[in-house]
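Participant: The sequence and its predicted three-dimensional model are supplied below.
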Amino acid sequence: MDLKPKTGSPVLTDPAPINKSRLGIHSSMLPCSQSILTAPRKKPIKLDDVRSNGWLDAMHSSSPPRKKIVKDFGVEIASDDTDVVYNSWMVKYPSALTTFEHILSHAKDKKIVIFLDYDGTLSPIVDDPDRAFMSADMRAAVKGVAEYFPTTIISGRSRDKVHELVGLTELYYAGSHGMDIMFPLQDTSSVHHSSYVRSTDKQGKEVNLFQPAREFISMIDEVFRTLVDVTKDIPGAKVENHKFCTSVHYRNVDEKSWRTVAQLVHDVLKHYPRLRLTHGRKVLEVRPVIDWDKGKAVEFLLESLGLSNSDEVLPIYIGDDRTDEDAFKVLREGNRGYGILVSSIPKESKAFLSLRDTLEVAEFLKNLVKWKEQVDKKP
């Protein structure tokens, strides 16, 4: 069975043009300068725009129903048939557990590098994002992997928040979908970026910070406060500030009010042409319009850590959401590693392998540790 990645297009595309430089951030990737505008106060809500621009459809498609699953062909399958359909889907996206030995065959004489999403990958998806905690078993698995392999968590959450939730110092952290990266001090002369800031981590150790959207911090904060205000009367709506992006969660909002939530966000964003909307799992995310995503973050980290030589390195990225597709695409198109989708339902992806849930993620990570320990014991 051939398990090497193949080329493909991303599930989530950026409106910004792709820069031809492999990693360089140039002024051409940003729109013309735009002063920060204050969104107007409340006005009567018009529920026209979000249906015509496809936002509402995207909200439904990124929020699959629990009792039914939808095949790529648009045919609904009853929950009783879930296992049959899932097993058929796994022919295209084999389990990373059952193909583990094949993965190791490609890892021979290469350095494995691990990238992990947080929500839905290391912690289960829960109604309250503030209570998305890792299990003790998962924390031990991540800690074990980080002791043997360079490991980075790339989350949509703020870097400080995901660091607080994970609570491990053995790994690297990239927050706001890779727009806020902390990595160790070292020679960065070979890297094409110059937007480094020297800082200290929570242990007082000097580190490098890379924040390509730094100029947007005040704008994101303003939009966050506006969105909190305009959604405060919608039961279940929750707005989070991730420093370089802000999220509007509608997981606990009555589905009849989703259209209202989307319209409120739409009306705010009309006044911020340098910001854009992306869709996650029952969340609307507002981000800067820059050519940067989790895929770019993976490339940046590999190069910054001196691990960009595809003949010597095998990156593995594990994630569950639309935003992870950019990273899956980078690994697939570069024929350089494995994207592993965490999903209990069939869906199209640029990942190459799959894991069903967080329990299988922990098992996969522990298998990597066991394998490495055995390799190191050999004379």
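Facilitator: Perfect, I can see it now.

Participant: From now on I want contacts and neighbour counts done on CA atoms only, so please keep to that.
Facilitator: Will do.

Participant: What confidence value was assigned to K243?
Facilitator: Per-residue pLDDT puts K243 at 94.

Participant: Settle this for me: it is touching I220, isn't it.
Facilitator: Yes: look at K243 against I220 with C-alpha atoms under 8 Å: they come within range, at 6.8 Å.

Participant: Tell me what R287 is bridged to.
Facilitator: R276 (DSSP bridges).

Participant: quick one: contacts for it?
Facilitator: Contact analysis of R287 by C-alpha atoms under 8 Å, 6 or more residues apart in numbering lists 220, 244-246, 275-278.

Participant: surely G319 meets V342?
Facilitator: Yes: using C-alpha under 8 Å, G319 is in contact with V342, at 5.8 Å.

Participant: More neighbours: which of those two?
Facilitator: Counted by other C-alpha atoms under 10 Å, G319 and V342 do not tie: G319 has more neighbours, with 30 against 24.

Participant: hmm, back to that, among the contacts of R287, which one has the lowest pLDDT?
Facilitator: Confidence-wise, T278 trails the rest of the contacts of R287, at 90.

Participant: Report the secondary structure state of the residue nearest to that residue when sequence neighbours are not counted.
Facilitator: Nearest residue to T278, sequence neighbours excluded (C-alpha to C-alpha, 6 or more residues apart in numbering): E285, at 5.2 Å. Assigned with DSSP: H, G, I helix; E, B strand; the rest coil, E285 falls in the strand class.

Participant: Mind giving me the packing neighbours of the longest helix anywhere in the chain?
Facilitator: Longest helix in the chain by number of residues (criterion: DSSP state H): helix 358-377. With contacts taken as 3 or more C-alpha pairs under 8 Å, 6 or more residues apart in numbering; DSSP states H and E, helix 358-377 sits against helix 136-148.

Participant: can you give me how far the helix it packs on is from the chain middle?
Facilitator: 20 Å (C-alpha atoms, centre = their mean, to the nearest Å).

Participant: ok, then the element right after that helix?
Facilitator: On the C-terminal side of helix 136-148, the closest following helix or strand by DSSP states H and E is strand 151-154.

Participant: Buried residues, the helix or strand just after that following strand. List them.
Facilitator: Under the assignment DSSP H and E, the closest C-terminal helix or strand after strand 151-154 is helix 159-166. Of the residues in helix 159-166, 159, 162-163, 166 count as buried by neighbour count, 16 or more other C-alpha atoms under 10 Å.

Participant: Could I get the average pLDDT for the helix or strand harbouring W258?
Facilitator: Per DSSP H and E: W258 is located in helix 258-269. For helix 258-269, mean pLDDT is 94.

Participant: I318 is in contact with G337, correct?
Facilitator: No: using C-alpha under 8 Å, G337 makes no contact with I318, being 11.2 Å away.

Participant: Paired strands for the helix or strand containing P315, with orientation please.
Facilitator: For P315, the enclosing helix or strand under DSSP H and E is strand 313-319. Paired strands of strand 313-319, with direction, are strand 111-116 (parallel), strand 338-342 (parallel) (DSSP bridges).

Participant: Could you export the ones you listed as JSON lines, including distance to V197 and mean pLDDT?
Facilitator: Formatted as JSON lines, the strands paired with strand 313-319 follow (distance: least, C-alpha to C-alpha, whole Å; pLDDT from 0 to 100):
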{"stretch": "strand 111-116", "distance to V197": "23", "mean pLDDT": "97"}
{"stretch": "strand 338-342", "distance to V197": "30", "mean pLDDT": "98"}
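
Participant: Would you mind saying which of the ones you listed lies nearest V298?
Facilitator: Evaluated with C-alpha to C-alpha, the strands paired with strand 313-319 place strand 111-116 nearest to V298, the distance being 7.8 Å.

Participant: Okay, angle between that closest one and helix 136-148 too, please.
Facilitator: 150 degrees (axes from the mean of the first three to the mean of the last three C-alpha atoms, to 10 degrees).

Participant: Show residues contacting strand 111-116.
Facilitator: For strand 111-116, contacts defined as C-alpha under 8 Å, 6+ apart pick out 122, 149-155, 298, 312-319.
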